[in-house]
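1. Pasting the sequence and the predicted model now:
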Amino acid sequence: MGRTRLVTGLVAFILTFALGGAASLLLVSQFKTTVEETARRDVSVIGGSLARALAQQFEKAARFGIPLKLLPGVESYLAQTLTQTPGITRIVVRGPDGREVRSAIGPTTGTDTVSAPIQVDGLSVGLVEVTTSPTSFSAGIDDTEWRMLGAVAGCALMSGLLAAWLAGGALNRRRQRFVTALERNLDGDLDPGPYSAAIGRSSVARAFHALSMEARRIGAKVTAFQAYAEELLAVDFDGQLRPEVERIRREALPAPVHLPTTTDDTLSPQPKRGA
């Protein structure tokens, strides 16, 4: 792969990765914010429903005059409920004085706490507190940024390869056509032709077109000058005008030039064909 293709591919890769990465990170950030807010709201609803359901069950026991701290199997029941209910990190049963009576604590730390009173005949005999955390609902999107960046990097790589193959190849072909046109110009083919079909309509192409047109005008003047010199020599029967005419020819006509040819990467000078 030549230098032109390499540069074209790198530019396409960098632009695609930078713009695509920034856009994907912005979209993922907004998506995560929305998911976390929704998960927090949903888990709060679940926690509130669980707290009210537990409070109603403890109210039945309290109606028979059984203290909350003497109820058997409460810890195992709370632990089982904690395990089976998503988004719940802690369940605490408090007595009428606010002290903790029974509890079940999970491995993670919660962020929000909802509570429901335990009431018997309008009197508060305890309180059920449920602590919730939305991380269990939104844990699946924690590595979304890396997955998105990986996808963007893959797309950027593909765009870089396509740009190197298509755009870089087109640039190389036009560059070679341009050098070929210059060589033909030096060989005497001064007709610029439809330059849009050969080397495009860039600023360099327009400059070459103008240069070729000017070369045609100069070539016409050189031809006229040579014809006039030949007419003078045709009537120079004694040969006295020839030295002066040849001197003027040497001074007026440009010296031969050689055009360096190009490769895919660099310009390396080579002699003109037939020189």
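-> Perfect, thanks for sending it. Predicted, not measured: the structure shown is a model, and the values here were computed from it.
2. The residue lying farthest from the centre of the chain: helix or strand, and which one exactly?
-> Farthest-out residue of the chain from its mean C-alpha position, per Cα atoms, centre = their mean: Asp238, at 81.4 Å. Counting by DSSP states H and E, no helix or strand carries Asp238.
3. now swap in Gln30 and tell me
-> Counting by DSSP H and E, Gln30 is found in helix 3-63.
4. Now do that helix, average pLDDT.
-> For helix 3-63, the per-residue pLDDT values average out at 84.
5. about what we covered before: please tell me how far the residue farthest from the centre of the chain sits from Glu244.
-> Asp238 sits 13 Å away from Glu244, taking Cβ to Cβ, to the nearest Å as the criterion. Any C-beta I mention is one placed from the backbone N, CA and C, and that applies to glycine too.
6. what's the answer for Glu251, then?
-> 11 Å.
7. now swap in Ser76 and tell me
-> For Ser76, the distance to Glu244 equals 125 Å [Cβ to Cβ].
8. Please apply the same query to Glu231.
-> Taken as Cβ to Cβ, the span from Glu231 to Glu244 is 14 Å.
9. thinking again about what came up before, so for Glu251 and Glu244, which residue has more residues nearby?
-> Glu244 (11 against 7; other Cβ atoms under 10 Å).
10. How is that one assigned, secondary-structure-wise?
-> At Glu244 the chain is in helix, as set by DSSP: H, G, I helix; E, B strand; the rest coil.
11. Let me see the domain layout of the chain.
-> Following automatic domain parsing, one finds the domains of the chain at 3-140, 175-268.
12. Can you tell me the number of residues neighbouring His209?
-> 19.
13. Do you know the pLDDT at Gly154?
-> 90.
14. Give the burial count for it, as a bare number.
-> So Gly154, with other Cβ under 10 Å, has 11 neighbours.
15. Kindly report the same for Arg217.
-> 10.
16. do the same with Leu70
-> Per other Cβ under 10 Å, the neighbour tally for Leu70 reads 9.
17. So for it, what pLDDT did the model give?
-> In this prediction Leu70 is given a pLDDT of 74.
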